[in-house]
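Q: Take a look and give me a structure for this.
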Amino acid sequence: MPHHRKHTKLTRPEGGKYHRNEVAFLGAPCSLIQEETEALAALLKPTHQIAYVDTSHTEKENNSNFKSSFVDEQSSLSLNFQGQGLDFSQRSIFADCDLVFVNGNHTTAEHQIVFIHSKKEDSLKRKMDRLTNVIAFVLCDREAPYSYLEELAKFNAIPVFKLGEQDALTSLISKRFPSDYAPIKGLVLAGGKSTRMGFDKGGIEYFGKPQREHMADVLNALCSETYISVREAKVDFESSYSLLPDSFSGLGPYGGILSAFRSDPNAAWLTVATDVPMIDEKLLAHLISKRNVHKMATCFHNPETDFPEPLITIWEPRAYPRLLEFLSLGYSCPRKALINSDVQEIDIPDLQLLSNVNTPEELEKLQAEIHAK
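A: As a prediction, this is how the structure comes out:
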């Protein structure tokens, strides 16, 4: 009897409860954990934007009638929840960060750094179930980790540091969680209806082959993998590249971008439209060289419109929930998402490279210019 799957199997973003990159620090007094994580964050600050998650030690009687509250104290922000709270929504809170440090004495995280401190020996022993992926031990007042920790998987391969070796620990964290870890995949946005042109713009041959294939070739020279975005699974053309049908239908290029993230939410996606035929490898290499992985996206700024160019853009993994959020608010415009988000806009070396070809008149003019060269 075939197995019945009740829900669609989706590819989930990497990571744990708070972030795709999260580390719990546990096994030492909370004051020491706070001190050490603050010092590590200072060393990592040039390359990583880091958040810190802790639990208040002060028990307060909550007489509020509010389900949740947000307090802006100018120098810090406080979020208070009653009930289930942040079980699923916390990742969106830290989406703008590269890494989250967690006080593991109070809560869990996908990776752990374990302090070996005599005051917390018994407490740590009770938390063995939290030690699922230990990446380092830090010796505080002992010469070696506790013997009961030897039952951990790959115990002998876990590096050991002494308290105060912050530079070495910072190096380990940087290598384990590089800020530019997400590979770039290419996506040719070829799912448009070409209403103004009257026929498929992706099939126009400017450079000896259909534009969607030419553009995929350009992307493929720069990206780890390249796909062609199409409206439906069945198309009337053949391609040497994998096709990525829209799973968010009726949304135009916005749906194509979301569909790409649905297929791989852990990649960055470099999107290029088929109706901007003068884009070349040099221009896209320039965009990649200016990539800011700390932002939601990196794109060109169009001085004529004074707006970002949405369809020639590197969308980072953190863009996926942001784009879904805009969709939930009734917006499906990539440019609007860029305008209202934290993005990196760069100058375009040659504005003519952004010229769109959407009508037969524009096509005839561009083809004449190409043939004249």
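
Q: Flag the shaky bits of the stretch 151-300 of the chain, pLDDT-wise.
A: Applying pLDDT under 70 to the stretch 151-300 of the chain flags the ranges 191-199.

Q: So which residues of it form helices?
A: 166-176, 211-220, 253-263, 281-289 (DSSP state H, counting those that start in this stretch).

Q: quick one: contacts for residue 229?
A: Going by CB atoms under 8 Å, 6 or more residues apart in numbering, residue 229 touches 187-191, 243-244, 246, 253, 256, 259-260, 271. In this view, the C-beta of every residue, glycine as well, is placed from N, C-alpha and C.

Q: ok, and the closest residue to residue 28 other than its chain neighbours, which helix or strand is that part of?
A: Closest residue to residue 28 apart from its sequence neighbours, by CB to CB, 6 or more residues apart in numbering: residue 115 at 3.6 Å. Assessed by DSSP states H and E, residue 115 sits inside strand 111-116.

Q: go on, residue 346?
A: Assigned by DSSP H and E, residue 346 belongs to strand 344-347.

Q: Other residues contacting that strand?
A: Under CB under 8 Å, 6+ apart, the answer for strand 344-347 is 287, 290-292, 295, 297-301, 303, 308.

Q: Closest one to residue 94 out of these, please.
A: residue 295 (14.9 Å; CB to CB).

Q: okay, now the domains of this protein?
A: What automatic domain parsing lists as the domains of the chain is 22-55+70-176, 184-372.

Q: Only alpha carbons, please: show the strand of greatest length in the chain as PDB.
A: Identified as the longest strand of the chain according to DSSP state E is strand 307-315. C-alpha atoms of strand 307-315 as PDB (Å, rounded to 0.1, in the frame of the first residue of the first chain):
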ATOM      1  CA  PHE A 307      14.700  53.600  -8.000                       C
ATOM      2  CA  PRO A 308      16.500  50.200  -7.700                       C
ATOM      3  CA  GLU A 309      16.400  47.800 -10.700                       C
ATOM      4  CA  PRO A 310      14.600  44.800  -9.300                       C
ATOM      5  CA  LEU A 311      15.100  42.200 -12.000                       C
ATOM      6  CA  ILE A 312      18.900  42.400 -12.100                       C
ATOM      7  CA  THR A 313      19.500  41.600  -8.500                       C
ATOM      8  CA  ILE A 314      21.200  39.300  -6.100                       C
ATOM      9  CA  TRP A 315      18.600  38.200  -3.600                       C
END
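
Q: Just list what it packs against, helices and strands only.
A: Secondary-structure packing of strand 307-315 (3 or more CB pairs under 8 Å, 6 or more residues apart in numbering; DSSP states H and E): helix 253-263, strand 268-273, helix 281-289, strand 297-302, helix 334-339.

Q: what helices or strands is the first one leaning on?
A: Translated: helix 253-263. Helix 253-263 packs on strand 184-189, strand 225-230, strand 242-245, strand 268-273, strand 307-315, helix 319-328, helix 334-339, going by 3+ CB pairs under 8 Å, 6+ apart.

Q: For residue 244, give its distance to residue 103.
A: 41 Å (CB to CB, to the nearest Å).

Q: Let's see stretch 39-48 as PDB, backbone CA atoms only.
A: What follows is stretch 39-48, C-alpha atoms only, in PDB (Å, rounded to 0.1, in the frame of the first residue of the first chain):
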ATOM      1  CA  ALA A  39      33.900  40.000  23.500                       C
ATOM      2  CA  LEU A  40      33.500  37.600  20.600                       C
ATOM      3  CA  ALA A  41      30.900  39.800  19.000                       C
ATOM      4  CA  ALA A  42      33.300  42.700  19.100                       C
ATOM      5  CA  LEU A  43      35.900  40.700  17.400                       C
ATOM      6  CA  LEU A  44      33.500  39.400  14.800                       C
ATOM      7  CA  LYS A  45      31.800  42.800  14.200                       C
ATOM      8  CA  PRO A  46      33.800  43.700  11.100                       C
ATOM      9  CA  THR A  47      32.400  40.600   9.200                       C
ATOM     10  CA  HIS A  48      29.300  39.500  11.100                       C
END
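
Q: now what about it, what contacts it?
A: In contact with stretch 39-48 (CB under 8 Å, 6+ apart) are residues 50, 52, 98-99, 101, 166-167, 169-170, 173-174, 177, 179.

Q: What subset of the residues you listed is buried?
A: Taking 16 or more other CB atoms under 10 Å as the criterion, what is buried in these is 50, 52, 98-99, 101, 169-170, 173, 177, 179.

Q: Please flag which of the residues you listed sit within strands.
A: 50, 52, 99, 101.

Q: show me the residues around the first one that make contact.
A: Just to be clear, that refers to residue 50. Contacts for residue 50 (CB under 8 Å, 6+ apart) come out as 41, 44, 97-101.

Q: Lovely, talk soon.
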